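>>> Let me see the structure of the following:
(one chain, ligands or ions: 2)
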Amino acid sequence: MRYLTFALGKGRLAKQTLEVFEKIGITCEEMKDPTSRKLIFVNEELKLKFFLSKGPDVPTYVEYGAADIGIVGKDTIAEEQRKLYEVLDLGFGKCRMCVCGPASARELLKHQELIRVATKYPNIAKDYFYNKKHQTVEIIKLNGSIELAPIVGLSEVIVDIVETGSTLRENGLEILEEICPLSARVVVNQVSMKMENDRITKLLTDLKAVL
Ligand SMILES: Nc1ncnc2c1ncn2[C@@H]1O[C@H](COP(=O)(O)OP(=O)(O)OP(=O)(O)O)[C@@H](O)[C@H]1O
Ligand SMILES: O=P(O)(O)OC[C@H]1O[C@H](OP(=O)(O)OP(=O)(O)O)[C@H](O)[C@@H]1O
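Ligands and ions are numbered 1, 2, ... in the order given. A predicted model of the protein is given here:
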């Protein structure tokens, strides 16, 4: 039997992902050591391999078949636009993709003005403003602390993740429009889905039973 390989994002979703796997009897003790710099872990008994990568790289590993299965946020799936199957909503890592800004930006959105939108998610922002709202905007790609952009005058609004809303509140910003709800998803390589259908189907059935 060949190894089934899982790509997991190293960020926020990693802990809950491992907890869900534990519930269905898939453990990898080595992975829980927070001091370890090791990137790949093997469960010989179950013939499984796990590796940790940057979240946005998970869909890349899965599309190319370097991983059969990935666990990643819906935001990353939408942004990366890779060829893969999204097969299960794990129901944790819940948050929302939103257009946010100061209250004063409401008018700019209403009147379809040519505004600047700062975001870590240029493809999601483009799809929302161009295809859904038919509004021409200038998109500015940033890599983090997105809420800074409207405060320092880099952009009028941002497209970013909102979970509790505290980052917005503490910076005098608010949700102006909601784009979509987000959560952690299971994604599968398109060839693996055919070649390893029995094992993957069993895994998904087990996961569904504990969610
Ligand atoms: N408050 C939140 N902020 C960001 N992502 C969240 C939040 N709550 C849940 N998530 C989900 O967790 C996923 C992983 O987030 P995390 O911040 O760990 O990774 P990342 O955005 O790739 O981080 P970084 O760029 O800092 O490495 C996100 O893609 C999203 O689906
Ligand atoms: O609604 P909240 O609960 O406040 O969470 C949302 C914030 O968390 C994320 O940032 P993160 O901590 O990943 O930092 P970053 O902006 O540097 O990516 C996200 O980009 C928001 O800034």
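
>>> domains for the chain, by residue range?
Split into domains by the TED database, the chain comes to 4-94+183-209, 96-181.

>>> And the helix ranked longest in the chain, what does it pack against?
When the chain is parsed with DSSP state H, its longest helix is helix 197-210. Under the contact criterion of 3 or more C-beta pairs under 8 Å, 6 or more residues apart in numbering; DSSP states H and E, helix 197-210 touches strand 4-9, helix 14-23, strand 85-89, strand 184-188. Where you see a C-beta, it was placed from the backbone N, CA and C, and this is true even at glycine.

>>> that older thread, tell me which of the domains of the chain lies nearest to ligand 1.
Closest approach to ligand 1 among the domains of the chain is made by domain 4-94+183-209 (1.9 Å; C-beta to the nearest ligand atom).

>>> is any part of the closest one close to ligand 2?
No. Judged by C-beta under 6 Å from any ligand atom, domain 4-94+183-209 makes no contact with ligand 2; its nearest approach is 7.4 Å.

>>> repeat for stretch 152-159
No. Stretch 152-159 stays clear of ligand 2 (C-beta under 6 Å from any ligand atom), getting no nearer than 8.8 Å.

>>> So for that stretch, mean pLDDT?
Throughout stretch 152-159, pLDDT has a mean value of 98.

>>> What residues sit buried inside it?
Of the residues in stretch 152-159, Ser155, Glu156, Val157, Ile158, Val159 count as buried by neighbour count, 16 or more other C-beta atoms under 10 Å.

>>> Over to the third one: give its phi and psi.
Dihedral angles phi and psi of Val157 (degrees, to the nearest 10) take the values phi -140, psi 170.

>>> surely it meets Val117?
Yes. In this structure, Val157 is within contact of Val117 by C-beta atoms under 8 Å, at 5.5 Å.

>>> any common contacting residues for those two?
Common neighbours of Val157 and Val117 (criterion: C-beta atoms under 8 Å, 6 or more residues apart in numbering): Val99.

>>> Would you mind listing the residues in contact with the nearest residue to Gln16 once chain neighbours are set aside?
In space, and not counting its chain neighbours, Gln16 is closest to Phe92: 4.6 Å by C-beta to C-beta, 6 or more residues apart in numbering. Applying C-beta under 8 Å, 6+ apart to Phe92 gives the contacts Leu13, Gln16, Val20, Ser183, Ala184.

>>> How much space separates Phe92 from Gly153?
Note on Phe92: its distance to Gly153, by C-beta to C-beta, to the nearest Å, is 36 Å.

>>> Strands of the chain, residue ranges please.
In the chain, the strands defined using DSSP state E lie at 4-9, 40-43, 48-53, 69-73, 85-89, 95-101, 116-119, 138-141, 157-162, 174-182, 184-188.

>>> by how many degrees do the fourth one and strand 174-182 diverge?
Here strand 69-73 runs at 160 degrees with respect to strand 174-182, directions being taken by axes from the mean of the first three to the mean of the last three C-alpha atoms, to 10 degrees.

>>> Perfect, I'm done here.
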